[in-house]
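S.K.: Attaching a predicted model along with its sequence, questions to come.
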There are 2 protein chains.
Amino acid sequence: MRDVRRQILEKNREAMHLHGYQGLRADLVVNELGITKGAYYHYFSGKQELAYCILDELIAPEHLQYWGALNQYFGHPIEGIIERLKALRIELKGDYFRLGSELNNLIQEMAPLDEGFRLRLQRILDGIRMAIRGAVERGQKSRLIKAEAEAGEIANFVMCNLLGAFSLAKAFQDRKYFDRSIEHMTEYLRGFKGQ
Amino acid sequence: MRDVRRQILEKNREAMHLHGYQGLRADLVVNELGITKGAYYHYFSGKQELAYCILDELIAPEHLQYWGALNQYFGHPIEGIIERLKALRIELKGDYFRLGSELNNLIQEMAPLDEGFRLRLQRILDGIRMAIRGAVERGQKSRLIKAEAEAGEIANFVMCNLLGAFSLAKAFQDRKYFDRSIEHMTEYLRGFKGQ
DNA sequence: CTTTAAGCATACCTGCTGGTACGAATTATA
DNA sequence: TATAATTCGTACCAGCAGGTATGCTTAAAG
C-alpha cells in the first residue's frame, strides 16, 4: 500500500499549513490517521525530510504547474496573468486565506533558519517569476504590451503584491483584503497594455 | 533596577525576530543576559505575556510613531509617503531584511493561532493604514492628489506592497528585492499626483 | 518452499521546554 | 527599626517532542 506514504504527506501538509514547520507535531498527525510511528519513520528519516518531501512532491509541482499554465494561454498575456489571479480567488477556499499562502508562510518561518527550505522556496518563486516574465515578454514581442515596461519588474511586482495580499488577508482573517488587493493590481496591470 | 525587565523584553524581541514566537526559548535567552528564571517569571507570567508585552511596549509604539509622522509632514502627501518608504530603506539594517518585518513575521505565524496576537497586529496595521489614508485625504482636499483615487484603496495598496516586499527580500535573503519593490511602488504612487 | 526484504506496530528512551516552589537579599514603608 | 513587599536566584519537575530498537506480518525473490 504505497498510499500510506501519501496519506502521511498530505495530512502533514495540512497540519504544517496551520501550525508551521516548527509547530508541526508529525507523530501526532500520523496518529490521527490511525497510523503509528512505525510507518512514519519507515517512509521518512525524520521531520525535516518529511517537510522537504511535502515541498518537493506536493507544493512545488502544484505552484509551478499553476503558473506554468501561462504558457498555454493564447489571449492577451496581461489578461492571462489576470486570469490566473482570478482563478486563485475561485479555487482557493476561505480557509486558505485565513491560513495564508503555504509558500508565504514557509518563507516567513524558515527562510532565515534552514537552507534546505530556502532553496526549495526560492526555486518555486523563481519558477513563478519566470512564467510571468515570459508571458510579458511574449506580449511585448507581439506589441500587445508596451515595450518600455520591464518584464522582470512586472513579474516582481505581481509576486510582491500576491504575497502581500495573502499577508493582509491573513492578518485580518478576511479574504476581502486579498480580493481588494488583487483587484487593485488588476487595474494596474491593464495599464501596461500597448495602445 | 527596573531595567532588568527592559533587557528581558529587548533581548527576547531580537530572538523572536529570528526564531518566531514558537521557536523562541525565553529562558535560554534570559540566561544569555546573565539573568535567571527568577527574574523572568517575576516580571512576566509566562511566554505569552512576554510576547504580548514586546508587542505592546516595543513594536506597536515604534510602528505607530513611524507612520504617524506623516501627520507632521508638510510637503506633498504622496512625497510624504515616499519619504517614509525611503527612510525604511535607510534606517533598517541588512539583517532586518534577511529576518523580515517583525510585523509580517508574527502575522504569518500567529494570526490564525492566537487571538491576542491577531488583535494586536491588526491594531498596528490599522494604525498604519489610517496614517496613510489620512495623508492621501488631506492631499485630495488641497487638490494635490487626484480626487478619483480612493484613499482607502491606496493605503491598502501601499501596505500590501510593503508586506510583499519584505516577504520577497526574506525569501531571497537579499534586500535588493525590497528596494526594487519599493522603487516600483514609488513610481506608481507618483501617478496619483493631481495635474 | 525457503529466504529475504518491505511494511508497519509496540514499547521505550532522552533531552528539552515551559513552568513551579521556595527562599534569600534588597528595598520600601510604617 | 520592625515589617512588609520587591526583586531576583536555585532547585526541582511534569510533559512531551522527536527519535530508536525491535519484532511481527505479509509479500516478493530465488
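M.R.: On my side now, so go ahead.
S.K.: Make sure A:Gly127 is indeed in a strand.
M.R.: No: applying DSSP: H, G, I helix; E, B strand; the rest coil, one finds A:Gly127 to be helix, outside a strand.
S.K.: list the contacts for it?
M.R.: A:Gly127 makes contact with A:Ala60, A:His63, A:Leu64, A:Trp67, A:Gly68 under the criterion C-beta atoms under 8 Å, 6 or more residues apart in numbering or on different chains. From N, CA and C alone the C-beta is placed, and that goes for glycine too.
S.K.: Next up, the contacts around the first one.
M.R.: The neighbours of A:Ala60, taking C-beta under 8 Å, 6+ apart as the test, are A:Arg120, A:Arg123, A:Ile124, A:Gly127.
S.K.: Pull out the buried members of those.
M.R.: Using 16 or more other C-beta atoms under 10 Å in any protein chain shown as the burial test, those include A:Arg120, A:Ile124, A:Gly127 as buried.
S.K.: Going through the contacts of A:Gly127, which ones are buried?
M.R.: Buried members of these, counted by 16+ other C-beta under 10 Å: A:Ala60, A:His63, A:Leu64, A:Trp67.
S.K.: Which residue comes closest to the last one once chain neighbours are left out?
M.R.: In other words, A:Trp67. A:Ala131 (4.1 Å; C-beta to C-beta, 6 or more residues apart in numbering or on different chains).
S.K.: Distance of the one you found relative to B:Ala149?
M.R.: Going from A:Ala131 to B:Ala149 by C-beta to C-beta, to the nearest Å gives 31 Å.
S.K.: ok, those two, which is more surrounded?
M.R.: A:Ala131 (21 against 17; other C-beta atoms under 10 Å in any protein chain shown).
S.K.: Secondary structure element for the more buried one, which one?
M.R.: For A:Ala131, the host element (DSSP states H and E) is helix A:115-141.
S.K.: ditto for A:His184
M.R.: Assigning secondary structure by DSSP H and E places A:His184 in helix A:176-190.
S.K.: what about whatever residue of chain A ends up closest to chain B, distance to DNA strand D?
M.R.: Among all residues of chain A, A:Gly164 sits closest to chain B, at 3.0 Å; criterion: C-beta to the nearest C-beta. Distance of A:Gly164 to DNA strand D, given as C-beta to the nearest atom of the strand, to the nearest Å: 30 Å.
S.K.: Am I right that that residue is in contact with B:Val158?
M.R.: No: the pair A:Gly164 / B:Val158 is not scored as a contact, 9.7 Å apart, by C-beta atoms under 8 Å.
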